[in-house]
Structure formats: structure tokens, C-alpha cells
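Engineer: heads up, no residue letters with this:
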């Protein structure tokens, strides 16, 4: 599969996950909503970081820094909302 | 390594000289009044009624601002022609404006000292357009109008030079900073009767100068000195300058919020001020990395080592003073206790010295020898003395800061932290701080010695043959 | 900043996509946004009812449209880099311009939302939620606009052939900045629009 096709697949997946996150608020039972949305956000963010930004093959320090930002924000959200 | 590309290239750069000289003269005045006040903290009636504390403080801070402005103007007149690769639009205008600004500034200071402030307001017709009586903006309205006229002439002069010459990133950033400086000063004329509104816009002058547009001026002067002394590609230096000024503006403009916590502005400023000022150290940290990395990657060993020392020094002390000591007390819950304590004075001293005094001393150190026909810098002996003065002034200012920080911490502990009724009164607290004030005064005396050494270094080794070659020999 | 990583162009194998200076800027921006998001999360936990009430007044479809626009923009930018890697910097121009159009769509939707909310009487001072909603989205919107300007400027220079001998450093720097703006929105979107 060419890189262009991979990017297109990721794009479609991201759009689907976005709609899923928006629908989750009406479908998922309340206690599971925060973890579900957090998981969707992590998947989306990682896809942007690795695929679109192209950090998969980049300097690990940089990739980990940006990933840590995403993980930090999402983790803080989950911890604070669930406690 | 090659040493070309460093002498004064355009005749009109020489108009910078009187600006630099007068800046240093005023700097001496500022330090003298600083020492007077340092003693007044301990001996309350020292020189009273000749020079009351409030007058000494006004003269100390006003001299600071004015000498920094003279330094910035000198720096601009020196570097703009060289960057634009053409002579200054009008050297004549620059010389006239120097005398206008110098005479107006001197008369204002004499006014502060000779008559009571209220009388000065009366004499200068403040009632027709009241702008006086606000910290740092104490100048009579006519002086303020004079400053605007000088600024307009100055901006026209350098603006035309830039527009008609080569447009470099350094020139553009410097011009943006200078135009911003002039525009923000216009809020000095806005004097609403609501105290909240008054303070709100007062900070547009004070904060948006020192944590906004002045950082652009500092960044561009630093970049210029680094290009000249390290020989690193202009492209590389300019790229980092862009990143630094972008961060300075993003954090600095919204960082104004840390002044809006308790003045009656909407409560959301607690969030904005805390978040954005937490990142105000970033541009200064980047400037520090930038300066050291450029010097490490230098392509020439410029013989003016003193200028390089000042350039590196300003990045370090600015980061400590503006960055670290600023961050110490800008989070709203912290500032609730530290507001207006000696901690503020500690931060103010190290930040102003590190960022703006030292960048001026750096460009003076680079430009004045060139203006006096020594493009390779002063003699080796003179430079050693100057570098020693850099260390002495930096370390003694750091000492002043540490002592004031200790005083501030104790002040907060005794006067702010306890429940009301148990807290010490203001004056009772001041008595407890006396030891720190003595230590601070001692450090202030050392600082004054450092300043004398700095000025003296320009006159050391003036004999023929005792100039550049010594310095060249010393570095190789 | 090591010498090797910093400023020497090494065609073919990049330790980072784009310029290191740009990445310093991106990381600094992420840090600022991170603190802003953390404040938003904490403020939301301190006043959950205020946030729930405020959120109820937002238009969920608008939030969805915003996300779609930014993700599409990011996708187009990534395709531009892919095309440029294969056939030279000039090839990324049309993709970048298409991405700025997606950005313009985002700006239009956001301005529409602001107009609706303002007409309904909401502003920065209505509640803590509204402060965070307006402040973080306007601050983010300014970054979207800056990203659009950067993309358009780089696209123009790509088309002129300014980068023909320089590899992909400039296009990759612009692309990375745009992806950062997208990434921040991905974290902001659920906090403002989705979670109760």
C-alpha cells in the first residue's frame, strides 16, 4: 500500500472516530463515557502524531515528547474527572 | 580566524556616541540615588528633608528608564545603518534630538529635586492635561509630550533608513520593538478617573514595554552582537530570533494578566495571568540557549572578548531575573501573599539589570571601541578590567536580589501570612529586616564599584600600540 | 541543540521533520496549551454544574464540523508532504492551498458559533465555562489563522521554486506546525463539547 493510501485510510478512520466520540455522549453509560472518550482521543492523537506529523520514524526524543503531551493532558482529564 | 567585517562602516553611525556616553552618565546617577535609598531603608531620615525617599525613588526609577532609552537609541543609530547598508537618513536630526532629549530629561530630574512634586505639577501646567502622579510615569505632561516628539523624529529617521536600505530580520524586529515602545507610551496620556481603569492601562505602558516590545529590542541587539562577534550565519541567527520573539509576544502580552489579579479587573485574569506568565521564562531560556549555542559554534574568535562576555552575561542574568524571579511570584495564589513585597523589588532589580542594563552595556562594549577607531576592541588590559566589572556588577546585583528575596520572604512570613490581628505592622516588620537591608546596601556599594570599573576600562591602555594587537594576542 | 541536529541540512534522513527551531516553537506552544487545558480541566472539576450548563448551550454539530475541517486540513498537508517527497517541493503547493481552504472552513464555522453565542448574550464574563470556551478557542483560532498564513506563504514559495535545492525543510516545518494546531484541537474538542 502506498503512503498516500495509508494516509487516506487514517483520515477516514479519524473522521469515523470523531463521529463516534460525538455519539458516545448519547449512547455510552455515564461511568464509561470519560474512559471511552479518552481512549478515542488517544487513538486519534497518536494517529496524527505518528502518521500525519510523521514522527513514527523521527527522533525518539521528539516523538516521546509530543506523545507525552497528549498522554499527560488525557491522563489529567481522566484522573480529575473520575476522582 | 578572520577578523574582518567589524569596524564602523558608515560615518553616520558616529551619532550613537553621545547617546552611549549620556546613558552611562545617567546610569551613574541612578546608582547614586539607589545607594541613597538603600541607606534610607535603614536610616529613615537620611538626607531628609533635602531628598525625601519618594523623590529618591522617583529619580532612581526615572533615570533607569531614561538611560535605557538613551542606550536603545544609541544602539539603534549604531546598528541600523550597518544592517541597512546605507547612511542614516539624517545624522543632523539625530544630533538635534539628542540635545532636546538630554536637556528635557535633565530639566525634569532637576525639577524633581528642586521643588516639591505638587509645585512641579503646578509649574508645568499639569491641571490642563493631568498625567502626573503615577509610578514611573511621574514626568510632567510637557516632558511626556517632548518624549513623543523625540520618539517621532527618531522613528522617522531610522524608519526611512530601514525602508530605503537592506531589510534584515534584525532591523525589522528592532523597528517593530521601537514602534511598539512609542505606541504603548501613548497610554501614559490616558488618565481615567476610575482607579481600576487607570491601573489597567498603566500596565499597557509598563508591562507591555518591559515584558513585550523591549524584549524585541533586546533580542535584535543581542542577535546583532552575536552575528558580529561569532560570525555564525545570519540565516541561523535570524531563525532563532523569530522563534524567541514569537514566544516573547505570546507569553508576554497575555502575561499582563499577572498585574490584573487584585486591581478590580474581571476574575478570569487570575487564570490568564497565571497560565501565561508561567511561560514567560521560556523566551529568556531560549535566548540563553541561543547565545551560548551561537558562541560555541562561532566561526571567528572576535578580539572584543568583553562584548561577548556581556552578550552571554545578559542572557544568563535576564533568564534568572526576568524568568526565574518573575515566575516565583506570578501565580495568582502565590501573588496573593507576595504582592508588592520586597520580593517584587528583588525581581525588578535582577530583571532590569540582566535584561536591559546588560544588553545596553553589551552593545556599548561592542560599539564604543569601534566608534573610537578600534574595531577589534579595546586593549587586552582594558578588556580584562571590563570583564572583571561584568562579573562584579552581575554578582553584586545577584547578591542584592538574594538579600531582597530573603527580606521579602521574611516580610511575607511576618506581615502577610499570619491571620489579621496576629500579623506584624508594616513598620514593625521593616525593623526586623534591617540586617538584610545592610547586606543589600553593601552589595549596592560593590555594584557601584563595578560600574566605575566599567567606565574606567574605556580609558585604560590608551597609549598607541597598546590596543587591538594585545587583545588579538590574548585570544590566540 | 546539538550541532548535527540543529541547522545543517541533511537531505534524505531527517532526525526531525522540518527545522529544529520550528520544533522548539511547537514544543513551547504545546506547553502553553497544555497549561491552558490543565486549567480548563481543573476549573471544570471545581464547578461541574456551571460547566454542564454552559456546555448545553453549545452547538454539538459545530464542534464536530470544526474537528472534521481540521483533520481534513491535516490530511491534505500530509498528502502534500508525501507528494513533495516523491516529486519535489513544488508538488506540495496545491495540497497546502487545499488545506488552507479547510482551515478557512474551520474559521467560518467558529465565527458563526461566536455570532450565535454573542446574540444569545454569552460572553467571557458569563461564567467560568464561557471564559474557558471563548478564551481557549479564540487563542486556538489565532493559531489556526497563523497556520493558514504559514501554509499559504510556504505554498507560494514552493510554487516559485524557492525550495527546489533545499529539500523539504520549510514545507515540513509548516506542516508540523499545522499538525500541532490540529492535535491541540483533538484534546480541546471533547473537553468543551463532548464530556458532560
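Structural biologist: Okay, I see it. Not measured: the values here are computed from a predicted model.

Engineer: longest helix anywhere in the chain?
Structural biologist: All of this refers to chain A. When secondary structure is assigned using DSSP state H, the longest helix within chain A turns out to be helix A:3-27.

Engineer: should've been chain C
Structural biologist: The residue-count maximum for a helix in chain C (DSSP H) belongs to helix C:128-160.

Engineer: quick one: what helix or strand has residue C:67 in it?
Structural biologist: For residue C:67, the element it lies in under DSSP states H and E is helix C:60-87.

Engineer: is the helix or strand just after that helix anywhere near chain A?
Structural biologist: Taking DSSP H and E as the definition, the helix or strand that follows helix C:60-87 towards the C-terminus is helix C:92-119. No - applying Cβ under 8 Å from any Cβ of the partner chain, one finds helix C:92-119 out of contact with chain A, separated by at least 10.6 Å. C-betas here are computed from N, CA, C, even on glycine.

Engineer: Please pull up the helix or strand immediately following the helix or strand of chain C with the lowest mean pLDDT.
Structural biologist: Evaluated with mean pLDDT, DSSP states H and E, the helix-and-strand set of chain C has its lowest mean pLDDT in helix C:3-6, which scores a mean of 40. Next helix or strand after helix C:3-6 toward the C-terminus (DSSP H and E): helix C:20-46.

Engineer: what angle separates that next one from helix C:128-160?
Structural biologist: Counting by axes from the mean of the first three to the mean of the last three Cα atoms, to 10 degrees, helix C:20-46 lies at 160 degrees to helix C:128-160.

Engineer: buried sites along helix C:20-46?
Structural biologist: Neighbour-count burial for helix C:20-46, with 16 or more other Cβ atoms under 10 Å in any protein chain shown as criterion, is recorded at C:20-26, C:28-41, C:43-44.

Engineer: same check, this time on stretch B:139-146
Structural biologist: For stretch B:139-146, burial by neighbour count (16+ other Cβ under 10 Å) applies to B:139, B:140, B:141, B:142, B:143, B:144, B:146.

Engineer: Provide the contact partners of that stretch at residue level.
Structural biologist: Contacts made with stretch B:139-146 from outside it, assessed by Cβ atoms under 8 Å, 6 or more residues apart in numbering or on different chains, are listed as B:62, B:100-101, B:104-105, B:107-108, B:111, B:120-121, B:124-126, B:128-132, B:137, B:147, B:185, B:188-189.

Engineer: Give the buried subset of these as a PyMOL selection command.
Structural biologist: Selection command for PyMOL covering only the buried members of the contacts of stretch B:139-146, criterion 16+ other Cβ under 10 Å:
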select buried, chain B and resi 62+101+104+105+108+111+120+121+124+126+131+132+137+147+185+188
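
Engineer: Which pLDDT value does the model give the residue in chain C that chain A sits nearest to?
Structural biologist: Scanning chain C for proximity to chain A using Cβ to the nearest Cβ identifies residue C:75 as nearest, at 3.9 Å. You'll see residue C:75 listed with a pLDDT of 98.

Engineer: nearest spatial neighbour of the residue of chain A found nearest chain C, skipping sequence neighbours?
Structural biologist: Closest residue of chain A to chain C, Cβ to the nearest Cβ: residue A:11 (3.9 Å). Excluding its sequence neighbours, the residue lying closest to residue A:11 (Cβ to Cβ, 6 or more residues apart in numbering or on different chains) is residue C:75, at 3.9 Å.

Engineer: leaving aside the residues next to it on the chain, what's closest to whichever residue of chain C sits closest to chain B?
Structural biologist: Distance from chain B to each residue of chain C (Cβ to the nearest Cβ) is smallest for residue C:131, at 4.2 Å. With sequence-adjacent residues excluded and distances taken as Cβ to Cβ, 6+ apart, residue C:131 is closest to residue B:268, at 4.2 Å.

Engineer: who's in contact with the one you found?
Structural biologist: The neighbours of residue B:268, taking Cβ under 8 Å, 6+ apart as the test, are C:124, C:125, C:128, C:131, C:135.

Engineer: how near is it to residue B:336?
Structural biologist: Applying Cβ to Cβ, to the nearest Å, one obtains 16 Å for the distance of residue B:268 from residue B:336.

Engineer: One more: residue B:365?
Structural biologist: Computed as Cβ to Cβ, the residue B:365 to residue B:336 distance reads 41 Å.
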